[in-house]
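J.: Only the shape, not the letters, is given here:
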């Protein structure tokens with residue numbers, strides 16, 4: 001048995017945000033220190049240390065209606081293939097079970113192959129797209145969109161109340177909420193690229209028009225995590241220069257909960273749902 005196999009699983013605190021960020025940065029993920037603080041403050045993050053160094057994590061972020069999101073399943077390259085991720089996900093699932101929560105996650109294809117045998121059921125699919133921006137941008141348009149409007153649309157679409165999460169996003173420096181013609185989206189900073197989402201609209205044309213307005217007023221790279229079944233939206237994005245980086249499979253562990261009344265065009269990110 002490897003010496004790290006018996007390392008204990010610990011509950012992490014807000015003081016571990018920088019160590020968590022080092023893990024997600026090693027994996028080339030887009031999370032910021034502020035994202036880690038959300039998980040550590042509003043959810044529970046389990047970790048494994050080898051000596052003083054944090055080498056693996058998994059987070060459980062509760063939402064309303066007895067739902068919770070599992071994410072930030074990370075293992076340092078020096079400690080992979082030792083079962084650490086499985087131990088941490090099992091701990092998240094046991095915590096969710098004790099609290100009567102249905103667990104959700106957005107998995108990479110490799111992750112989906114692991115989570116399926118654990119009892120996760122596939123639901124919808126996502127596609128992460130990236131737009132590399134030129135150095136010039138137009139002046140951002142004036143928008144009267146409010147976080148209250150975004151929260152209401154988010155709850156209608158997801159069936160979850162994520163007021164605390166969306167308020168935290170909206171209050172960050174650089175964040176903005178943009179709306180037009182029945183479409184609304186949040187734009188926020190990431191570590192390497194700005195993220196567009198969640199995004200809600202009455203139809204694909206309005207969603208694409210809003211993304212175009214956002215893209216023309218940004219100077220750096222953009223990411224969007226689109227719902228794969230929104231085919232016209234995906235086709236419009238790729239036709240306008242967005243490239244698909246990777247797929248994600250949304251999966252559920254536990255009983256089905258209340259469904260949303262509409263399908264989003266893009267989500268808040270695979271780490272948040």
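T.: That came in fine, so what should we check first? This is a predicted model, so every value here is computed, not measured.
J.: what comes up buried for stretch 9-24?
T.: Buried residues in stretch 9-24, counted by 16 or more other CB atoms under 10 Å: 12, 16, 17, 19, 20, 21, 23, 24. Bear in mind the C-beta positions are built from the backbone N, C-alpha and C, glycine included.
J.: so which of the residues you listed comes closest to residue 194?
T.: residue 24 (16.8 Å; CB to CB).
J.: Spit out the contact partners of residue 188.
T.: Applying CB atoms under 8 Å, 6 or more residues apart in numbering to residue 188 gives the contacts 169, 172, 174, 175, 194, 195.
J.: Distance check, the fourth one against residue 221.
T.: When distance is defined by CB to CB, to the nearest Å, residue 175 is 17 Å away from residue 221.
J.: In terms of neighbours, single out the busier of the two.
T.: Neighbours were counted for residue 175 and for residue 221 using other CB atoms under 10 Å; residue 175 has more, 17 against 14.
J.: Same list, the contacts of residue 188, but as CSV with distance to residue 30 please.
T.: Output for the contacts of residue 188, formatted as CSV (distance: CB to CB, whole Å):
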residue, distance to residue 30
169, 14
172, 14
174, 14
175, 15
194, 9
195, 7
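J.: Which of these fall in helices?
T.: Members of the contacts of residue 188 lying in helices (criterion: DSSP state H): residue 169.
J.: Now a PyMOL select for only the buried ones of the contacts of residue 188.
T.: Restricted to buried positions by 16+ other CB under 10 Å, the PyMOL selection for the contacts of residue 188 reads:
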select buried, resi 169+175+194+195
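J.: Pick the one among the contacts of residue 188 closest to residue 212.
T.: residue 194 (14.9 Å).
J.: Strands of the stretch 101-250 of the chain, start to end?
T.: Here the stretch 101-250 of the chain has its strands, by DSSP state E, counting those that start in this stretch, at 102-107, 121-131, 176-180, 183-188, 194-200, 222-227, 243-253.
J.: Deepest in the core, which of those strands is it.
T.: Mean neighbours per residue, mean count of other CB atoms under 10 Å, is largest over those for strand 194-200, with a mean of 25.
J.: name the helices or strands packed onto that strand?
T.: When contacts are defined as 3 or more CB pairs under 8 Å, 6 or more residues apart in numbering; DSSP states H and E, strand 194-200 sits against helix 147-158, strand 183-188, helix 204-216, strand 222-227.
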